[in-house]
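*Asks:* Please work out how this folds:
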Amino acid sequence: MTLGRLQPLAPYLLRYRKQLAQGAVAVVLYNLSKVVMPLVIGRAVDDIQHHGSPAVIYRNVGTLLAVSILAAICLYLTRWIIIGASREVEFDLRNDLFRNLERQSLAFFHTHRTGDIMARTTNDLNAVRQLLGPAIMYSANTVIFTVAALPFMLHISPRLTLFAFLPLPFASVLVQLMGRRIHARFERIQAMFSDISAKAQENFSGARLIRAFAQEEPEIAQFEVANQEYIKRSLYLVRLMAMLWPTLEFILGISIAVTLFVGGRETVLHRMTPGQFTSYMVFMVQLTFPMLALGYVVNLVQRGTASVIRIDELLKQQPSIKDEHTGEPEAALVPRGEIEFRNLTYSYAQGGDVLSEVNLTIPAGSSLAILGPTGSGKTTLVNLIPRLLDTAAGTVLIDGIPIREWPLESLRGSIGFVPQETFLFSSTVRDNIAFGVASATDEEVLTAAQTAQIAQEILDFPQGFSTVVGERGITLSGGQKQRTSIARALIRNPRILILDDALASVDTLTEERILQGLRKTMQGRTTILIAHRVSTARTADRIAILIDGHLHEFGTHDDLVGKNGYYADLVQKQQLEEEISVAS
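*Replies:* Sure thing, here's the model as predicted:
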């Protein structure tokens, strides 16, 4: 059953089969040298009894030292090779996990908590490493030493071996029973650890909101409840392990006591020499640690197999949006920028249609502003262009080609996207602007920042473009983050530029300056602006009004004003607001 659970690790173990084979050789040599030790000690006792000369003592001591040195070297090689291989597998697993997570679609992260993912890629991965390192090493030592020592023990006294090993089946039954309980308990502990990690991650990310609503104490109380449950489950596992080790030690103690009693009688009755009895007792003492290590190994194996299942669940996750392109090389495919929505209807899994029967064409090199009430589907519509969301085949086309036939790398590499929710990495301002353009020069970064009207503010920072913005850009204001995000999109020199309400956090004066800089940038490239202000929309060649997922109005600024519809009402309302603002 356990081997079946380890099947996902087979490709990684095969990758390091040479290293593991070398480790196996070291394990065999180490245990063979350990088997020789009792025999040397027993012979030394008999030699001293029968001969007693200093030369005999020196010879046996020298032999024992040589065997001890060999055992030490082999033990070092065993740990270095096997533990090293487990670290290599951990390295590969971590890379494969991260690579697979990076390829997942947005929908995956909507249904999987960040804390749970982090728990699996840290705590569970560590449990797997211990399974492949210490667990394999100690198991191999126990099995090989027992198999190698048993023939010598039987040769010394089959009768004594029978009595000495009589209690050991009870240890095997105990390990099996406790192992199943440990596995089930550890699965629950890992699930609870994921909940705690998710709770901590949400609190750290939402630190501003928690403080703004003065919810520190309630959040601390909730975390304490979750933490108490985690400790409760962990302590239950500790109690199981606390029962396992003493019970194993007691069983082994009985075995050694039986050996001492029966072996002592055999020696007194001259059926065994003192040297043979000494050898046998050393064998039993040497078996003590491997047998006790079984308790530790059971813990590691049950933890590791539970974690393998959790990690394998992530590795098996396939991205819902895949590259379906099978045509010419990606380098030859560069969009001109014509975008067409053809009878587009889209809905999320949990509700009705967000977009319904949308028919819209945006010529290459033109600009389109999209307006509409909150929840009308504006963001959903633009998320379909870079395939952040996927819809029915043939409903979204780029240059007349269905979007699914475009290579993802080529498609997304030709789009500059400023999302509604601005995200900055915990790095420098320069790194954030140059994100996605590895070859960006300082001059290009500065030009992009100037167009986004953020350059001067950055230069006023003590460290300029080398200023670290903190996690999620926390040291910047909302407007500064949005403008940095705009600069990040512009530096890519994209064929298609999408600004999803990217000017919402700036004042009207800054907005006007940004739009002036964008007018030159927008020339020759397809630009889509989602906006709530008429001042932003009127700069576009065409304006589309989305209401309840339907294309309600479409045309130029003058066309829509003349229709006296939603857009005309919005123009009048915002003009009135401006007049009141000026008057006050």
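
*Asks:* Distance-wise, check residue 424 relative to residue 470.
*Replies:* Plainly put, residue 424 is 8 Å away from residue 470 if you go by CB to CB, to the nearest Å. C-beta coordinates here come from the backbone N, C-alpha and C atoms, glycine included.

*Asks:* Please say which of those two ends up with more neighbours.
*Replies:* Neighbour totals were compared for residue 424 and residue 470, and residue 424 leads with 23 against 13 (other CB atoms under 10 Å).

*Asks:* okay, now the residue lying closest to the more buried one once chain neighbours are set aside: neighbour count?
*Replies:* Using CB to CB, 6 or more residues apart in numbering and skipping the chain neighbours, the partner closest in space to residue 424 is residue 473 (3.1 Å). Applying other CB under 10 Å, we find 22 residues neighbouring residue 473.

*Asks:* pretty sure residue 473 is touching residue 428, no?
*Replies:* No. Here residue 473 lies out of contact with residue 428, judged by CB atoms under 8 Å, at a distance of 11.1 Å.

*Asks:* Neighbours of the closest residue to residue 124 other than its chain neighbours, how many?
*Replies:* Using CB to CB, 6+ apart and skipping residues adjacent in sequence, the residue nearest residue 124 is residue 307, 3.7 Å away. Neighbouring residues of residue 307 were enumerated by other CB under 10 Å; the total is 25.

*Asks:* For residue 157, see how far away residue 307 is.
*Replies:* In this structure, residue 307 and residue 157 are 44 Å apart, going by CB to CB.

*Asks:* can you give me the helices for the stretch 451-584 of the chain?
*Replies:* Counting by DSSP state H, counting those that start in this stretch, the stretch 451-584 of the chain forms helices over residues 455-459, 478-490, 508-522, 534-537, 557-562, 566-583, given from the N-terminal end onward.

*Asks:* Nearest to residue 319 among those helices would be which one?
*Replies:* In terms of CB to CB, the element of the helices of the stretch 451-584 of the chain nearest to residue 319 is helix 478-490, at 23.5 Å.

*Asks:* Using neighbour counts, pick out the buried residues of the closest one.
*Replies:* Of all the residues in helix 478-490, those buried under the rule 16 or more other CB atoms under 10 Å are 479, 480, 481, 482, 483, 484, 485, 486, 487, 488, 489, 490.

*Asks:* Work out for me the element residue 354 sits within.
*Replies:* In the assignment (DSSP states H and E), residue 354 maps to strand 353-362.

*Asks:* For that strand, C-alpha coordinates in CSV please.
*Replies:* Written as CSV, here are the backbone C-alpha positions of strand 353-362 (Å, rounded to 0.1, in the frame of the first residue of the first chain):
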residue,chain,number,x,y,z
ASP,A,353,-24.1,35.0,-18.4
VAL,A,354,-21.7,37.8,-17.7
LEU,A,355,-21.5,38.7,-21.4
SER,A,356,-24.2,37.9,-23.9
GLU,A,357,-24.2,38.0,-27.7
VAL,A,358,-21.4,40.6,-27.9
ASN,A,359,-20.4,41.5,-31.5
LEU,A,360,-17.6,44.0,-31.7
THR,A,361,-14.6,44.7,-34.0
ILE,A,362,-11.6,46.8,-33.0
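
*Asks:* Partner strands of that strand, with direction?
*Replies:* Listed by DSSP bridges, the sheet partners of strand 353-362 and their directions read strand 339-347 (antiparallel).

*Asks:* What average pLDDT does the strand it pairs with get?
*Replies:* Regarding strand 339-347, the rounded mean pLDDT is 91.

*Asks:* buried ones in it?
*Replies:* Judged by neighbour count (16+ other CB under 10 Å), strand 339-347 contains these buried residues: 339, 340, 341, 344, 346.

*Asks:* and for it, what are the contacting residues?
*Replies:* Counting contacts by CB atoms under 8 Å, 6 or more residues apart in numbering, the residues outside strand 339-347 that touch it are 353-362, 377, 380-381, 384-385, 389, 391-392, 394-398, 400, 496, 526, 528.

*Asks:* let's see it at 7 Å
*Replies:* 353-362, 380, 384-385, 391, 394-398, 526 (CB atoms under 7 Å, 6 or more residues apart in numbering).

*Asks:* try stretch 243-259
*Replies:* Counting contacts by CB under 7 Å, 6+ apart, the residues outside stretch 243-259 that touch it are 160, 163-164, 167-168, 170-171, 174, 178, 280-281, 284, 288, 291-292, 294-295, 298.

*Asks:* Next: stretch 302-313.
*Replies:* Contacts of stretch 302-313 (CB under 7 Å, 6+ apart): 2, 5-6, 8-9, 93, 97, 120, 124-125, 127-128, 130-131, 135, 179, 182-183, 186-187, 190.

*Asks:* ok, so what distance separates residue 497 from residue 551?
*Replies:* 21 Å.

*Asks:* More neighbours: which of those two?
*Replies:* The neighbour comparison of residue 497 against residue 551 (other CB under 10 Å) goes to residue 497, with 25 against 21.

*Asks:* Make sure the more buried one is actually in contact with residue 417.
*Replies:* No. Counting by CB atoms under 7 Å, residue 497 does not reach residue 417; the two are 8.2 Å apart.

*Asks:* what's the overlap in contacts for the two?
*Replies:* Where contact means CB under 7 Å, 6+ apart, the residues bridging residue 497 and residue 417 through contact with each are residue 489.

*Asks:* for stretch 279-291, what is the average pLDDT?
*Replies:* Here stretch 279-291 scores 82 as its mean pLDDT.

*Asks:* so where do the helices sit in the stretch 1-150 of the chain?
*Replies:* 2-5, 10-15, 17-50, 54-103, 106-111, 114-119, 125-130, 136-156.

*Asks:* Nearest to residue 194, out of the ones you listed?
*Replies:* Go through those one by one with CB to CB and the one that ends up closest to residue 194 is helix 114-119, at 4.0 Å.
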